[in-house]
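S.K.: what follows is a predicted structure for the sequence shown.
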Amino acid sequence: ERDAQKRDRFKPALMRDGSRIEVVANIGEASEAAKAVDAGGEGVGLLRTEILFVNRESEPTEDEQAATYTQMARALNGLPIIIRTLDVGGDKEIPYLTMPQEDNPFLGERGIRFCLARPELFRSQLRAIYRASAHGCVRIMFPMVSQLSELLEAKKIAEEVRLEVGADPVEIGIMIEVPSAVAMASVFAQHVDFFSIGTNDLTQYTLAMDRLHPLLAKQADGLDPAVLRFIDQTVRAADAAGIWVGACGGIAGDPLGATLLTGLGLKELSMSIPTIPEIKALLRSQSLADNKRLAQKALEQSSAADVRALMGGAP
Ligand code: PEP
Ligand code: MG
(Lines give C-alpha, C1' and ligand atoms only; values in the text may rest on other atoms or scores of the structure.)
(Ligands and ions follow the chains in the order given, each with its own letter.)
Protein backbone atom coordinates (compact mmCIF):
# COMPACT_ATOMS: atom_id res chain seq x y z
CA GLU A 1 0.00 0.00 0.00
CA ARG A 2 2.80 2.42 0.86
CA ASP A 3 4.46 1.55 -2.44
CA ALA A 4 1.25 2.38 -4.31
CA GLN A 5 0.94 5.68 -2.43
CA LYS A 6 4.50 6.54 -3.32
CA ARG A 7 4.06 5.60 -6.97
CA ASP A 8 0.90 7.74 -7.31
CA ARG A 9 2.11 10.70 -5.28
CA PHE A 10 2.30 13.08 -8.26
CA LYS A 11 -1.27 12.41 -9.32
CA PRO A 12 -3.76 15.04 -8.12
CA ALA A 13 -6.08 14.30 -5.20
CA LEU A 14 -9.11 13.83 -7.43
CA MET A 15 -11.96 12.41 -5.39
CA ARG A 16 -14.25 9.73 -6.80
CA ASP A 17 -16.86 12.26 -7.83
CA GLY A 18 -14.30 14.46 -9.53
CA SER A 19 -13.76 17.10 -6.84
CA ARG A 20 -10.16 18.13 -6.55
CA ILE A 21 -8.48 18.96 -3.26
CA GLU A 22 -5.16 20.77 -3.27
CA VAL A 23 -2.68 18.94 -1.06
CA VAL A 24 0.22 21.14 -0.04
CA ALA A 25 3.01 21.20 2.52
CA ASN A 26 3.85 22.93 5.78
CA ILE A 27 7.54 23.81 5.68
CA GLY A 28 10.05 25.84 7.65
CA GLU A 29 13.39 25.46 5.88
CA ALA A 30 14.72 26.23 2.42
CA SER A 31 15.62 22.62 1.67
CA GLU A 32 12.07 21.48 2.37
CA ALA A 33 10.54 23.19 -0.67
CA ALA A 34 12.09 20.64 -3.05
CA LYS A 35 11.25 17.84 -0.62
CA ALA A 36 7.61 18.93 -0.59
CA VAL A 37 7.42 18.71 -4.38
CA ASP A 38 9.17 15.35 -4.35
CA ALA A 39 6.58 14.01 -1.90
CA GLY A 40 3.76 15.02 -4.27
CA GLY A 41 2.99 18.36 -2.65
CA GLU A 42 1.20 20.77 -4.97
CA GLY A 43 2.82 23.76 -3.36
CA VAL A 44 3.39 25.12 0.13
CA GLY A 45 0.31 26.04 2.16
CA LEU A 46 2.29 27.31 5.13
CA LEU A 47 5.84 28.53 5.37
CA ARG A 48 6.50 29.07 9.07
CA THR A 49 8.98 31.92 8.66
CA GLU A 50 9.74 32.00 12.38
CA ILE A 51 11.84 28.85 11.81
CA LEU A 52 14.29 31.05 9.84
CA PHE A 53 14.67 33.18 12.97
CA VAL A 54 15.47 30.45 15.51
CA ASN A 55 18.92 29.09 16.36
CA ARG A 56 20.61 32.33 15.41
CA GLU A 57 22.22 35.24 17.24
CA SER A 58 20.35 37.95 15.37
CA GLU A 59 17.48 38.34 12.95
CA PRO A 60 18.02 37.42 9.30
CA THR A 61 18.51 40.52 7.15
CA GLU A 62 16.16 41.51 4.36
CA ASP A 63 18.68 40.21 1.81
CA GLU A 64 19.05 36.87 3.59
CA GLN A 65 15.30 36.47 3.80
CA ALA A 66 14.82 37.47 0.16
CA ALA A 67 17.42 34.87 -0.87
CA THR A 68 15.71 32.14 1.15
CA TYR A 69 12.17 32.93 -0.04
CA THR A 70 13.42 33.18 -3.63
CA GLN A 71 15.16 29.82 -3.36
CA MET A 72 11.93 28.26 -2.12
CA ALA A 73 9.75 29.92 -4.76
CA ARG A 74 12.14 28.71 -7.48
CA ALA A 75 12.25 25.17 -6.12
CA LEU A 76 8.45 25.10 -6.40
CA ASN A 77 8.64 25.87 -10.09
CA GLY A 78 5.43 27.86 -10.37
CA LEU A 79 3.50 26.01 -7.65
CA PRO A 80 2.13 28.38 -5.00
CA ILE A 81 3.88 29.16 -1.73
CA ILE A 82 2.02 30.85 1.12
CA ILE A 83 4.54 32.77 3.17
CA ARG A 84 3.23 33.47 6.65
CA THR A 85 4.71 36.56 8.22
CA LEU A 86 6.57 36.11 11.49
CA ASP A 87 4.46 34.30 14.08
CA VAL A 88 6.31 34.56 17.39
CA GLY A 89 5.16 34.96 20.97
CA GLY A 90 3.16 32.46 22.97
CA ASP A 91 5.11 29.21 22.81
CA LYS A 92 7.40 30.57 20.09
CA GLU A 93 10.22 32.52 21.66
CA ILE A 94 13.22 34.06 19.92
CA PRO A 95 15.84 35.18 22.47
CA TYR A 96 17.34 38.12 20.53
CA LEU A 97 13.94 39.62 19.67
CA THR A 98 13.45 40.72 23.30
CA MET A 99 9.91 39.58 23.78
CA PRO A 100 7.83 41.30 26.42
CA GLN A 101 7.57 39.63 29.83
CA GLU A 102 3.90 38.74 30.06
CA ASP A 103 1.73 36.87 32.53
CA ASN A 104 -0.23 35.31 29.68
CA PRO A 105 1.99 35.16 26.59
CA PHE A 106 -0.63 33.21 24.65
CA LEU A 107 -2.97 36.15 25.13
CA GLY A 108 -0.30 38.78 24.70
CA GLU A 109 1.74 40.39 21.98
CA ARG A 110 2.03 37.50 19.56
CA GLY A 111 1.63 36.84 15.85
CA ILE A 112 0.52 39.88 13.88
CA ARG A 113 0.38 42.00 17.05
CA PHE A 114 4.09 41.44 17.63
CA CYS A 115 4.90 42.53 14.06
CA LEU A 116 2.66 45.58 14.13
CA ALA A 117 4.47 46.68 17.28
CA ARG A 118 7.82 46.35 15.42
CA PRO A 119 7.20 47.94 12.02
CA GLU A 120 10.88 47.82 10.97
CA LEU A 121 11.05 44.06 11.46
CA PHE A 122 7.70 43.62 9.70
CA ARG A 123 8.63 45.87 6.78
CA SER A 124 11.95 44.17 6.19
CA GLN A 125 10.24 40.78 6.04
CA LEU A 126 7.54 42.09 3.70
CA ARG A 127 10.18 43.68 1.46
CA ALA A 128 11.94 40.31 1.25
CA ILE A 129 8.68 38.53 0.41
CA TYR A 130 7.76 40.99 -2.35
CA ARG A 131 11.27 40.75 -3.81
CA ALA A 132 10.92 36.95 -3.92
CA SER A 133 7.46 37.20 -5.48
CA ALA A 134 9.03 37.89 -8.89
CA HIS A 135 10.39 34.32 -8.87
CA GLY A 136 7.27 32.24 -8.39
CA CYS A 137 3.70 32.16 -7.16
CA VAL A 138 4.02 33.84 -3.77
CA ARG A 139 1.11 34.54 -1.43
CA ILE A 140 1.21 36.36 1.90
CA MET A 141 -0.58 35.27 5.06
CA PHE A 142 -0.90 37.06 8.39
CA PRO A 143 -1.07 34.95 11.60
CA MET A 144 -3.22 35.37 14.71
CA VAL A 145 -5.40 38.14 13.33
CA SER A 146 -8.17 38.78 15.84
CA GLN A 147 -9.50 42.23 14.96
CA LEU A 148 -10.17 43.94 11.64
CA SER A 149 -7.95 46.89 12.57
CA GLU A 150 -4.93 44.55 12.67
CA LEU A 151 -5.65 43.23 9.21
CA LEU A 152 -6.19 46.69 7.76
CA GLU A 153 -2.97 47.99 9.29
CA ALA A 154 -0.97 44.98 8.09
CA LYS A 155 -2.43 45.33 4.59
CA LYS A 156 -1.65 49.03 4.50
CA ILE A 157 1.99 48.38 5.41
CA ALA A 158 2.21 45.55 2.88
CA GLU A 159 0.86 47.79 0.12
CA GLU A 160 3.34 50.57 0.97
CA VAL A 161 6.17 48.05 0.88
CA ARG A 162 4.95 46.57 -2.40
CA LEU A 163 5.00 49.99 -4.06
CA GLU A 164 8.50 50.69 -2.69
CA VAL A 165 9.76 47.39 -4.08
CA GLY A 166 7.86 47.83 -7.34
CA ALA A 167 6.35 44.34 -7.15
CA ASP A 168 3.08 43.13 -8.63
CA PRO A 169 0.19 42.51 -6.21
CA VAL A 170 0.01 39.03 -4.66
CA GLU A 171 -2.83 37.20 -2.98
CA ILE A 172 -3.15 38.09 0.70
CA GLY A 173 -4.85 35.90 3.28
CA ILE A 174 -5.16 35.40 7.00
CA MET A 175 -5.00 32.51 9.39
CA ILE A 176 -8.33 31.79 11.06
CA GLU A 177 -7.12 30.60 14.44
CA VAL A 178 -8.93 32.57 17.12
CA PRO A 179 -12.66 32.59 17.86
CA SER A 180 -13.07 36.31 17.06
CA ALA A 181 -11.82 35.67 13.52
CA VAL A 182 -14.51 33.01 13.11
CA ALA A 183 -17.20 35.31 14.49
CA MET A 184 -16.12 38.07 12.12
CA ALA A 185 -15.21 35.86 9.15
CA SER A 186 -17.81 37.48 6.88
CA VAL A 187 -16.19 40.86 7.56
CA PHE A 188 -12.60 39.63 7.17
CA ALA A 189 -13.58 37.89 3.94
CA GLN A 190 -14.28 41.27 2.34
CA HIS A 191 -10.62 42.18 2.74
CA VAL A 192 -8.63 39.05 1.84
CA ASP A 193 -8.21 36.56 -0.99
CA PHE A 194 -8.22 33.44 1.18
CA PHE A 195 -8.45 31.98 4.67
CA SER A 196 -6.31 29.21 6.11
CA ILE A 197 -7.66 27.64 9.27
CA GLY A 198 -5.00 27.04 11.89
CA THR A 199 -6.65 24.21 13.72
CA ASN A 200 -3.90 23.95 16.36
CA ASP A 201 -4.46 27.42 17.74
CA LEU A 202 -8.16 27.45 16.91
CA THR A 203 -8.58 24.36 19.10
CA GLN A 204 -6.50 25.90 21.87
CA TYR A 205 -8.41 29.19 21.92
CA THR A 206 -11.84 27.69 21.36
CA LEU A 207 -11.53 25.22 24.22
CA ALA A 208 -9.29 27.49 26.33
CA MET A 209 -6.80 24.63 26.66
CA ASP A 210 -3.07 25.16 26.21
CA ARG A 211 -2.04 23.24 23.09
CA LEU A 212 1.12 22.03 24.83
CA HIS A 213 -0.38 21.17 28.19
CA PRO A 214 0.58 17.58 28.99
CA LEU A 215 -2.55 16.86 31.01
CA LEU A 216 -4.95 18.45 28.56
CA ALA A 217 -3.48 17.07 25.34
CA LYS A 218 -6.17 14.46 24.97
CA GLN A 219 -9.07 16.78 25.65
CA ALA A 220 -7.75 19.50 23.37
CA ASP A 221 -8.93 17.55 20.34
CA GLY A 222 -9.16 19.28 16.96
CA LEU A 223 -12.13 17.07 16.14
CA ASP A 224 -14.14 18.56 18.99
CA PRO A 225 -17.54 19.54 17.55
CA ALA A 226 -17.03 23.07 18.90
CA VAL A 227 -14.03 23.41 16.60
CA LEU A 228 -15.82 21.73 13.69
CA ARG A 229 -18.76 24.13 14.05
CA PHE A 230 -16.37 27.08 13.95
CA ILE A 231 -14.77 25.67 10.80
CA ASP A 232 -18.20 25.22 9.24
CA GLN A 233 -19.12 28.79 10.10
CA THR A 234 -15.89 30.05 8.55
CA VAL A 235 -16.46 28.15 5.31
CA ARG A 236 -19.99 29.51 5.00
CA ALA A 237 -18.77 33.07 5.42
CA ALA A 238 -15.98 32.51 2.90
CA ASP A 239 -18.32 30.89 0.37
CA ALA A 240 -20.74 33.79 0.65
CA ALA A 241 -17.89 36.20 -0.09
CA GLY A 242 -16.43 34.03 -2.87
CA ILE A 243 -13.02 33.36 -1.34
CA TRP A 244 -11.37 29.97 -0.80
CA VAL A 245 -10.52 28.29 2.49
CA GLY A 246 -7.75 25.86 3.37
CA ALA A 247 -6.40 24.44 6.59
CA CYS A 248 -2.86 24.10 7.86
CA GLY A 249 -3.20 22.75 11.41
CA GLY A 250 -2.36 19.21 12.48
CA ILE A 251 -5.74 17.67 11.67
CA ALA A 252 -5.35 18.56 7.97
CA GLY A 253 -2.74 15.79 7.75
CA ASP A 254 -4.71 13.28 9.78
CA PRO A 255 -7.02 10.82 7.95
CA LEU A 256 -10.09 11.57 10.06
CA GLY A 257 -9.35 15.28 10.04
CA ALA A 258 -8.83 15.40 6.26
CA THR A 259 -12.11 13.53 5.76
CA LEU A 260 -14.06 15.99 7.90
CA LEU A 261 -12.32 19.11 6.64
CA THR A 262 -13.03 18.27 3.00
CA GLY A 263 -16.58 17.39 4.03
CA LEU A 264 -16.89 20.84 5.56
CA GLY A 265 -15.85 22.40 2.26
CA LEU A 266 -12.14 23.07 2.52
CA LYS A 267 -10.39 23.22 -0.84
CA GLU A 268 -6.79 22.97 0.30
CA LEU A 269 -5.09 20.92 3.01
CA SER A 270 -1.57 21.79 4.12
CA MET A 271 0.36 19.21 6.12
CA SER A 272 3.79 17.91 7.07
CA ILE A 273 5.65 16.48 4.09
CA PRO A 274 5.62 12.76 5.00
CA THR A 275 1.82 12.60 5.23
CA ILE A 276 1.18 13.98 1.71
CA PRO A 277 1.17 10.71 -0.29
CA GLU A 278 -1.09 9.01 2.26
CA ILE A 279 -3.66 11.81 2.41
CA LYS A 280 -3.71 12.12 -1.39
CA ALA A 281 -4.39 8.38 -1.68
CA LEU A 282 -7.10 8.59 0.98
CA LEU A 283 -8.91 11.45 -0.79
CA ARG A 284 -8.75 9.60 -4.12
CA SER A 285 -10.57 6.69 -2.46
CA GLN A 286 -13.36 8.93 -1.12
CA SER A 287 -16.25 10.87 -2.61
CA LEU A 288 -16.90 14.42 -1.50
CA ALA A 289 -20.62 13.70 -1.12
CA ASP A 290 -19.86 10.97 1.45
CA ASN A 291 -17.49 13.26 3.34
CA LYS A 292 -20.11 16.00 3.35
CA ARG A 293 -22.70 13.66 4.83
CA LEU A 294 -20.24 12.53 7.49
CA ALA A 295 -19.24 16.11 8.30
CA GLN A 296 -22.89 17.13 8.71
CA LYS A 297 -23.36 14.29 11.20
CA ALA A 298 -20.14 15.23 12.98
CA LEU A 299 -21.46 18.76 13.51
CA GLU A 300 -24.39 17.28 15.43
CA GLN A 301 -22.27 15.24 17.87
CA SER A 302 -21.80 16.39 21.44
CA SER A 303 -18.13 15.49 21.98
CA ALA A 304 -14.90 14.71 20.17
CA ALA A 305 -15.25 11.13 21.38
CA ASP A 306 -18.64 10.90 19.65
CA VAL A 307 -17.17 12.35 16.47
CA ARG A 308 -14.39 9.76 16.57
CA ALA A 309 -16.93 6.99 17.19
CA LEU A 310 -19.01 8.22 14.25
CA MET A 311 -15.91 8.01 12.07
CA GLY A 312 -15.17 4.52 13.32
CA GLY A 313 -16.47 2.88 10.18
CA ALA A 314 -14.76 5.42 7.95
CA PRO A 315 -11.06 5.32 6.97
C1 PEP B 1 -2.10 26.44 13.74
O2 PEP B 1 -2.16 27.19 14.72
O3 PEP B 1 -2.90 25.52 13.51
C4 PEP B 1 -1.00 26.60 12.75
C5 PEP B 1 -0.97 25.92 11.62
O6 PEP B 1 0.01 27.44 13.07
P7 PEP B 1 1.14 27.07 14.14
O8 PEP B 1 1.04 25.61 14.44
O9 PEP B 1 2.42 27.44 13.47
O10 PEP B 1 0.78 27.96 15.28
MG1 MG C 1 -1.06 29.02 14.93
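M.R.: Right, received. Where do you want to start? As the structure is a computational prediction, the values presented were derived from the model and not from experiment. Ligands and ions are numbered 1, 2, ... in the order given.
S.K.: for the helix or strand bottoming out on mean pLDDT in the chain, list every residue counted as buried.
M.R.: The helix or strand of the chain with the poorest confidence is helix 2-7; it has a mean of 91 (mean pLDDT, DSSP states H and E). For helix 2-7, the neighbour count (16 or more other CB atoms under 10 Å) marks Gln5 as buried. Bear in mind the C-beta positions are built from the backbone N, C-alpha and C, glycine included.
S.K.: swap in stretch 209-217?
M.R.: Across stretch 209-217, burial judged by 16+ other CB under 10 Å covers Met209, Arg211.
S.K.: cool, and stretch 125-137?
M.R.: Neighbour-count burial for stretch 125-137, counted by 16+ other CB under 10 Å, picks out Gln125, Leu126, Arg127, Ala128, Ile129, Tyr130, Arg131, Ala132, Ser133, His135, Gly136, Cys137.
S.K.: quick one: mean pLDDT over it.
M.R.: Regarding stretch 125-137, the rounded mean pLDDT is 98.
S.K.: same question, stretch 81-100
M.R.: 89.
S.K.: show me what counts as buried in that stretch.
M.R.: Neighbour count says stretch 81-100 has 81-90, 92, 94, 97, 99 buried, by 16+ other CB under 10 Å.
S.K.: as TSV, these with distance to ligand 1 would be great.
M.R.: Listed next are the buried residues of stretch 81-100 as TSV, based on distance: CB to the nearest ligand atom, whole Å:
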residue	distance to ligand 1
Ile81	15
Ile82	11
Ile83	13
Arg84	8
Thr85	12
Leu86	11
Asp87	6
Val88	10
Gly89	10
Gly90	8
Lys92	7
Ile94	14
Leu97	16
Met99	16
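S.K.: quick check, nearest of those residues to Ala75?
M.R.: Ile81 (9.1 Å; CB to CB).
S.K.: name the helix or strand for the closest one, please.
M.R.: In the assignment (DSSP states H and E), Ile81 maps to strand 80-84.
S.K.: downstream of that strand, the next helix or strand is which one?
M.R.: Immediately after strand 80-84, counting by DSSP H and E, sits helix 112-116.
S.K.: report all helices and strands that that following helix contacts.
M.R.: Secondary structure elements in contact with helix 112-116, counted by 3 or more CB pairs under 8 Å, 6 or more residues apart in numbering; DSSP states H and E, are helix 119-132, helix 148-165.
S.K.: how about it, does it reach ligand 1?
M.R.: No - judged by CB under 6 Å from any ligand atom, helix 112-116 stays clear of ligand 1, getting no closer than 12.4 Å.
S.K.: hmm, that helix in reach of ligand 2?
M.R.: No - using CB under 5 Å from the ion, helix 112-116 never reaches ligand 2; the gap is at least 11.2 Å.
S.K.: please renumber so the chain begins at 37
M.R.: With the count now opening at 37, the last piece we talked about shows up as helix 148-152.
S.K.: for Ile233, give me phi and psi.
M.R.: Main-chain dihedrals, Ile233, degrees, to the nearest 10: phi -80, psi 120.
S.K.: I'd assumed Ser306 was in contact with Ile315.
M.R.: No - contact criterion CB atoms under 8 Å: Ile315 and Ser306 do not qualify, at 10.4 Å.
S.K.: who does the least confident helix or strand of the chain touch, helix- and strand-wise?
M.R.: Identification of packing neighbours for helix 38-43 by 3+ CB pairs under 8 Å, 6+ apart yields helix 312-320.
S.K.: pull the residues that contact the next helix-or-strand element following the helix it packs on.
M.R.: As assigned by DSSP H and E, the chain's next helix or strand after helix 312-320 is helix 324-335. The contact list for helix 324-335 (CB atoms under 8 Å, 6 or more residues apart in numbering) reads 51, 53, 55, 259, 261, 264-265, 268, 295-296, 298-301, 343, 346-347, 350.
S.K.: give me the buried positions along the helix or strand just after helix 324-335.
M.R.: The helix or strand immediately downstream of helix 324-335 is helix 340-346, counting by DSSP H and E. Buried residues in helix 340-346, defined by neighbour count with 16+ other CB under 10 Å: Ala340, Asp342, Val343, Leu346.
S.K.: cool, stretch 189-199 as well?
M.R.: Glu189, Ala190, Lys191, Ile193, Ala194, Val197, Arg198.
S.K.: now flag whichever of the residues you listed is closest to Leu157.
M.R.: Distance to Leu157, by CB to CB, is smallest for Ile193 among the buried residues of stretch 189-199, at 11.2 Å.
S.K.: quick check: that closest one touching Glu156?
M.R.: No - at 10.8 Å, Ile193 does not count as touching Glu156 under the criterion of CB under 8 Å.
S.K.: now Pro96, nearest residue through space, not along the chain?
M.R.: Excluding the flanking residues, the one nearest Pro96 by CB to CB, 6 or more residues apart in numbering is Leu88, at 5.5 Å.
S.K.: report the beta-bridge partners for Pro116.
M.R.: Cys173 (DSSP bridges).
S.K.: enumerate every residue touching it.
M.R.: Applying CB under 8 Å, 6+ apart to Pro116 gives the contacts Val60, Gly79, Val80, Cys173, Val174, Arg175.
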